[in-house]
Structures are given as C-alpha cells and as structure tokens.
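Q: Sequence plus the predicted model coming up.
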Amino acid sequence: MFGRDVALPETKISYRVQSKMGQKTSIQGRDQTYLMPAQSMRVLSLVPSDAADIRDTSASDTFSDIDQRAFRANLFTIVGGVLFVLAGLMALLGLARLFQRYRKPAATSSRLIADTAIL
C-alpha cells in the first residue's frame, strides 16, 4: 500500500463522559457514539516492524508545555492590562496637574476681621 490511496472504512467510537462533582464523587454520563466517516488516505511512509515507538521525539510539545505557554500568555495579558490601567491613571493625574497650573485663581477678597470682633 506504500505510495497508494487506501480506503478507510467508517468507524464507530463509543465513549462516556465522567464528571467529578467533589473529591470522591463522580457522575457517569450516558453512552455516546461518534461515527467517523469513511475516507481515503495516501500512505507515504511505513513504520518498521521492530520499532518500539512511532512518536517523533525531536521537538514534540507535550500537554504540559502547552499549558505552561497558555499560563504565561494569560499572565502577560493580565500584566499588560494592569500596566495599561496604571498608565491611564498617570495620564489623568498629569492632565489634572496641568489644568491646575494654568487655571486662573478665583478672585479672593481679603476681609479682615475688626479688632473689636477679635476682642
């Protein structure tokens, strides 16, 4: 079959979802079936019969690597959002100080209290 198209038959895969509700309790879901349609596939390479494992060990990502990258991406998103909010607050403070510097002071009248009122 090397170098040719191979017809794969339709395949039924049965599964059941198990949900954990607490530390020691779990709920069994109902039996479900997934029907993989028939399709054809071209065989480009073969695995030797004495091979112990068919995985490529060169640079394959594991699920833990993907989880670490997702965690780091979420962390950078949160840090970026916090820094963006802090930059906005600093800009507002700068605008408020600039506004106070060029604001004309209100006309103040200096009314002195009479000496008799103090006594």
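A: It's in.
Q: can we go C-alpha only for contacts and neighbour counts from here?
A: Fine.
Q: Is the residue nearest the centre of the chain within a helix or a strand, and which one?
A: The geometric centre of the chain, computed from its C-alpha atoms, lies nearest to Asn74 (Cα atoms, centre = their mean), at 4.5 Å. Using DSSP states H and E, Asn74 sits within helix 63-102.
Q: Quick check: what element follows that helix along the chain?
A: Next along from helix 63-102, by DSSP H and E: helix 115-118.
Q: Show me what counts as buried in that next one.
A: Using 16 or more other Cα atoms under 10 Å as the test for burial, helix 115-118 gives no buried residues.
Q: now it: mean pLDDT?
A: On average, the pLDDT along helix 115-118 is 82.
Q: Stretch 31-47 too?
A: pLDDT averaged over stretch 31-47 gives 86.
Q: first to last residue in it, what's the distance?
A: End-to-end span of stretch 31-47 (Cα to Cα, to the nearest Å): 34 Å.
Q: Flag the shaky bits of the chain, pLDDT-wise.
A: Applying pLDDT under 70 to the chain flags the ranges 55-60, 105-109.
Q: at 90 instead, please
A: 1-8, 16-31, 41-66, 100-119 (pLDDT under 90).
Q: thinking again about what came up before, and the helix holding Asn74, how far out from the chain's middle?
A: Averaging C-alpha positions (Cα atoms, centre = their mean, to the nearest Å) puts helix 63-102 16 Å from its chain's average.
Q: a helix runs through Gln18, doesn't it?
A: No. Counting by DSSP: H, G, I helix; E, B strand; the rest coil, Gln18 falls outside a helix, being strand.
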